[in-house]
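# from the sequence below, what's the structure:
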Amino acid sequence: MEIYVKIRIYDEKLTRFISSKSGFSIAKKEVSYRAFIPPSKNPQELSVYRISTLTEIEIWEIGRKYVLRKK
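Below is the predicted model:
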């Protein structure tokens, strides 16, 4: 069964924690479009977080709690 979710992105802030070197360039200080392409084997593994109402401290806490923990 497939489920489709309609999300209003144009007025909502999202973040993605990137842990792969192929997702960003330190030298260019930019994120690659590859960072937002879901993996072909497990497309559900691409995650973004809704952050419109969060402080910067809360955003980094999400990264520490849910992203670094998986490593």
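
# show residues contacting stretch 10-22.
24, 31-32, 34-36, 46-52, 59, 62-63, 67, 71 (C-beta atoms under 8 Å, 6 or more residues apart in numbering). Using the backbone N, CA and C atoms, a C-beta is placed for each residue, glycine as well.

# okay, the residue nearest the centre of the chain: pLDDT?
Centrality entry for the chain: nearest residue to the mean C-alpha point is Arg16, 1.8 Å, by C-alpha atoms, centre = their mean. pLDDT, Arg16: 85.

# looking at the contacts of stretch 10-22, which are in helices?
Those of those mapping onto helices are 59, 62, per DSSP state H.

# okay, and which of the contacts of stretch 10-22 map to strands?
Counting by DSSP state E, the contacts of stretch 10-22 place 24, 31, 49-50 in strands.

# using neighbour counts, trim those residues to the buried set.
Neighbour counting by 16 or more other C-beta atoms under 10 Å classes none of the ones in strands among the contacts of stretch 10-22 as buried.

# can you list those residues in CSV and add pLDDT?
Output for the ones in strands among the contacts of stretch 10-22, formatted as CSV (pLDDT from 0 to 100):
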residue, pLDDT
Phe24, 84
Val31, 86
Tyr49, 87
Arg50, 87
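
# I'd like these laid out as CSV, including distance to Glu12.
CSV is the format used below for the ones in strands among the contacts of stretch 10-22 (distance: C-beta to C-beta, whole Å):
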residue, distance to Glu12
Phe24, 22
Val31, 18
Tyr49, 11
Arg50, 6
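
# of all those residues, which comes closest to Asn42?
Using C-beta to C-beta, Tyr49 is the member of those that lies nearest Asn42, at 18.1 Å.

# tell me who's in contact with the closest one.
14-17, 59, 62.

# quick one: which of these has the most company?
Highest neighbour count within the contacts of Tyr49, by other C-beta atoms under 10 Å: Phe17, with 18 neighbours.
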